[in-house]
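Enquirer: Output the structure for:
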Amino acid sequence: MIAEVLLLAFALAMDAFAVSIGLGVKRKEFDKVLAFKAALFFGFFQALMPLFGHLASLGVGTLIESFDHWIAFLLLSLIGGKMLYESFGENTEDEISIISNKVLFILAIATSIDAMAAGFTLNLLDINPYLSMFIIGIVTFLFSFVGVYMGSKGGSFLEDKAEKLGGIVLICIGLKILLEHLYS
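Expert: Presented below is the predicted three-dimensional model:
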């Protein structure tokens, strides 16, 4: 369903959203160029990384078909739990003084690693996995752009809340996949 993919995209975008808020906080005024670059970097990598996870799942799909729902549940729960845990810690963007393309590249990779693991579960959703990746990228792009804007306007209090919400949503999606396969 498209609703599941939108929820997945929303949850995966929360890391990038939280980091984008942190980047925006570093600016006195809204920086459209920074917002666009952050959105482009984060959106691109959030869309690309699930492809690697999805392709890996295709290679082992028939071998794990009987318990793939458990793997999806475990992966999404671990990613969600990690996001919840990190929401209580310090923000890495506090340590960044200059926001260069290299820094954005590293942050984009770091925030999209979870998306690679989530990509492993895409074949369990009832939608084209490539369309899913596109949706994940677009949602992350939009959230990242808005995140820089909100951060520049004093929205730093939202950073940890975004990660918490994203973690909870990922755990719920994993639980839904598990329950659908166990009781269908």
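Enquirer: where does the protein have low pLDDT?
Expert: 61-62, 64-65, 90-97, 156, 159 (pLDDT under 70).
Enquirer: And the helices in it?
Expert: 2-25, 32-64, 68-86, 101-119, 129-152, 159-182 (DSSP state H).
Enquirer: In JSON lines, list those along with mean neighbour count.
Expert: Every C-beta, even on glycine, is put in place using the N, C-alpha and C of the backbone. Converted to JSON lines, the helices of the chain look like this (neighbours: other CB atoms under 10 Å):
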{"stretch": "helix 2-25", "mean neighbour count": "24"}
{"stretch": "helix 32-64", "mean neighbour count": "18"}
{"stretch": "helix 68-86", "mean neighbour count": "20"}
{"stretch": "helix 101-119", "mean neighbour count": "20"}
{"stretch": "helix 129-152", "mean neighbour count": "23"}
{"stretch": "helix 159-182", "mean neighbour count": "19"}
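Enquirer: Contact partners for the nearest residue to residue 75 once chain neighbours are set aside?
Expert: In this structure, residue 75 finds its nearest non-sequential neighbour in residue 117, 4.9 Å apart by CB to CB, 6 or more residues apart in numbering. For residue 117, the contact set (CB atoms under 8 Å, 6 or more residues apart in numbering) comprises 53, 75, 78-79.
Enquirer: Can you lay out those residues as JSON lines showing distance to residue 162?
Expert: What follows is the contacts of residue 117, written out as JSON lines (distance: CB to CB, whole Å):
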{"residue": "53", "distance to residue 162": "22"}
{"residue": "75", "distance to residue 162": "21"}
{"residue": "78", "distance to residue 162": "19"}
{"residue": "79", "distance to residue 162": "15"}
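Enquirer: Show me which pair in those is furthest apart.
Expert: Across the contacts of residue 117, the longest distance by CB to CB is 13.2 Å; it joins 53 and 78.
Enquirer: Tell me which residue is most central in this protein.
Expert: Among the residues of the chain, the one closest to the centroid is residue 12, at 2.0 Å (CA atoms, centre = their mean).
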